[in-house]
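Asks: no sequence for this one, just the structure:
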């Protein structure tokens, strides 16, 4: 609460600076370049040359990881809303458009908060999704939302700054609200079923190395996390 | 251990110390009677508990404190759904399916937290009146177990508040994979529930209710204003969300508030659930 007040008092630039204060921003930026060139050597190939790495271990990398996932989600829902599938109800159009706006807000938030330390804009590849078909769109939406929830849950403990952790927490519960809605569109009552929950009624977190390969199937710009055990092939 | 000497020293620095530990200005008497009930060996622990009571708001809670706080909220939620499932509210088949699933999760969360806490787990019998809650919250929701719309309204408030409560504790578990990750995994399930209950209410005619929280209290029920206090925040980490580019024009205020859920402190949550019997 105290820190939030501090944020509120500060002007945007000051706050942005304090947002990154503990992230070792400068060092991490160097880390991005170092890591990128490093695995370029190890894994020469055309996909890597257009890829990005979330950078040196630390909060900045985790924030960029979230930024990457939000970029993907925002691009997906922008497509969904622009070419709404056949047979969409008024309610579905309204709420899927809401979700688009939330994901765009998340993407733009990370971009603004990271400033010059943000990874570049990613180019998505949605060739596997038929945007005209409800089943295809909702299956992809479900995968994006569930993966997003498991990604935030799995990365939470890696965050070192309590303010960033809180912001991640503010976003993940909204992703879970989306997931619940999308799942019920796919199959009513499946908002929290045993395919995603464990026997304790808890979501199952995923590591960065588990999440990025899934995300990369929808990205032309492959995202790596060389310091968290995953380099895109 | 000279307790009275210590208290005198504290009073020099903090004249309000007596009020902090006993609003009736009978602190010394309290300590004496308290002391007589505990073994001398346990005095340092008992004394630290008194201090915690006096200054607890500012102190950082331990992992055990956080988990017991979560357990108390899960006790409330599980008892609520157990009561709803056992009632003659008359759920539709679909609604009954939702409620049964959520009921199962809340009971599983109780078992999980009890298992983690072991002997440190607060007993359910300490809650309400010998373990029995007042789901009307002292008469605020008199038809909670006889009217479906009231039941779902209270359910929504519980779920949204649960999400906010877990979120508010995350910082106290910073970097603690063993405690933070399970807490996050429960937190997101509560959000799935909150969304699902909101979807039910939308279907039942609360057409302005969305699966996410728009603005502050979007329930239409003034009695739960406190449960949604601060949800209309549009500033995150110093970034004003409504100043960011949206799809057409800037991000709307509705989207800015709905895209970020807000936390509640334990003090806020405890005050909100006290009328139901949470202690």
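Replies: Looks like it came in fine. It should be emphasised that the depicted structure is a prediction, and the values quoted were computed from it without experimental measurement.
Asks: now the helices for chain B?
Replies: With DSSP state H as the criterion, chain B has helices at B:3-13, B:17-21, B:27-37, B:43-55, B:63-86, B:93-117, B:148-169, B:177-203, B:253-258, B:266-273.
Asks: now swap in chain A and tell me
Replies: A:2-9, A:12-19, A:25-42, A:46-49, A:59-82, A:90-114, A:134-155, A:162-186, A:208-216.
Asks: not counting sequence-adjacent ones, nearest residue to residue 125?
Replies: Since you didn't name a chain, this refers to chain A. residue A:220 (4.6 Å; Cβ to Cβ, 6 or more residues apart in numbering or on different chains). C-betas here are computed from N, CA, C, even on glycine.
Asks: looking at chain B here, not the other one
Replies: If you skip the residues right next to it in sequence, residue B:125 has residue B:131 as its closest partner in space, 4.4 Å away by Cβ to Cβ, 6+ apart.
Asks: how does chain B divide into domains?
Replies: When chain B is parsed with automatic domain parsing, its domains come out as B:3-55, B:63-232+B:260-276.
Asks: so which of the helices of chain A is nearest chain B?
Replies: When the helices of chain A are compared for distance to chain B using Cβ to the nearest Cβ, the nearest one is helix A:12-19, at 2.1 Å.
Asks: OK, now which residue of chain B is nearest to chain A?
Replies: residue B:238 (2.1 Å).
Asks: quick check, pLDDT for that residue.
Replies: Per-residue pLDDT puts residue B:238 at 96.
Asks: list phi and psi for it.
Replies: Backbone torsions for residue B:238, taken as degrees, to the nearest 10, come to phi 90, psi 0.
Asks: can you pull out the low-pLDDT segments for the stretch 51-200 of chain B?
Replies: Along the stretch 51-200 of chain B, the parts satisfying pLDDT under 70 run over B:51-58.
Asks: out of the domains of chain B, deepest packed?
Replies: Stretch with highest mean neighbour count among the domains of chain B: domain B:63-232+B:260-276 (a mean of 20; mean count of other Cβ atoms under 10 Å in any protein chain shown).
Asks: and that one, end to end?
Replies: 25 Å (Cα to Cα, to the nearest Å).
Asks: any stretches of chain A with poor pLDDT?
Replies: Regions of chain A meeting the criterion pLDDT under 70 cover residues A:1-49.
Asks: returning to what we had before: now the helices of chain B in CSV, with distance to chain A?
Replies: As requested, the helices of chain B are exported to CSV (distance: least, Cβ to the nearest Cβ, whole Å):
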stretch, distance to chain A
helix B:3-13, 22
helix B:17-21, 20
helix B:27-37, 28
helix B:43-55, 16
helix B:63-86, 10
helix B:93-117, 3
helix B:148-169, 5
helix B:177-203, 4
helix B:253-258, 4
helix B:266-273, 10
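Asks: just give me the residue right at the centre of chain A.
Replies: For chain A, the residue nearest the mean C-alpha position is residue A:69 (2.1 Å; Cα atoms, centre = their mean).
Asks: closest one to residue B:63 among the helices of chain A?
Replies: When the helices of chain A are ranked by proximity to residue B:63, the top entry is helix A:162-186, at 14.7 Å, counting by Cβ to Cβ.
Asks: ok and the closest one relative to helix A:59-82, angle-wise?
Replies: Counting by axes from the mean of the first three to the mean of the last three Cα atoms, to 10 degrees, helix A:162-186 points 30 degrees away from the direction of helix A:59-82.
Asks: could you say what helices and strands helix A:162-186 packs with?
Replies: Packing contacts for helix A:162-186, counted by 3 or more Cβ pairs under 8 Å, 6 or more residues apart in numbering or on different chains; DSSP states H and E, involve helix A:2-9, helix A:59-82, helix A:90-114, helix A:134-155, helix B:148-169, helix B:177-203.
Asks: mind doing that once more with 10 Å?
Replies: For helix A:162-186, the packing partners by 3 or more Cβ pairs under 10 Å, 6 or more residues apart in numbering or on different chains; DSSP states H and E come out as helix A:2-9, helix A:12-19, helix A:59-82, helix A:90-114, helix A:134-155, helix B:148-169, helix B:177-203, strand B:235-236.
Asks: distance from the chain centre to it, please.
Replies: How far helix A:162-186 lies from its chain's middle: 11 Å, per Cα atoms, centre = their mean, to the nearest Å.
Asks: and it, what's buried?
Replies: A:162-185 (16 or more other Cβ atoms under 10 Å in any protein chain shown).
Asks: now swap in stretch A:69-87 and tell me
Replies: In terms of neighbour count (16+ other Cβ under 10 Å), stretch A:69-87 has its buried residues at A:69-81, A:84-85.
Asks: wait, residue A:224 touches residue A:50, no?
Replies: No - using Cβ atoms under 10 Å, residue A:224 is not in contact with residue A:50; the gap is 11.5 Å.
Asks: give me the more crowded residue out of the two.
Replies: residue A:224 (23 against 13; other Cβ atoms under 10 Å in any protein chain shown).
Asks: how near is that one to chain B?
Replies: In this view, residue A:224 and chain B are 23 Å apart by Cβ to the nearest Cβ, to the nearest Å.
Asks: is that residue bridged to anything, and to what?
Replies: residue A:53 (DSSP bridges).
Asks: so for residue B:264, which of the helices and strands packed on helix A:162-186 sits nearest?
Replies: helix B:148-169 (4.1 Å).
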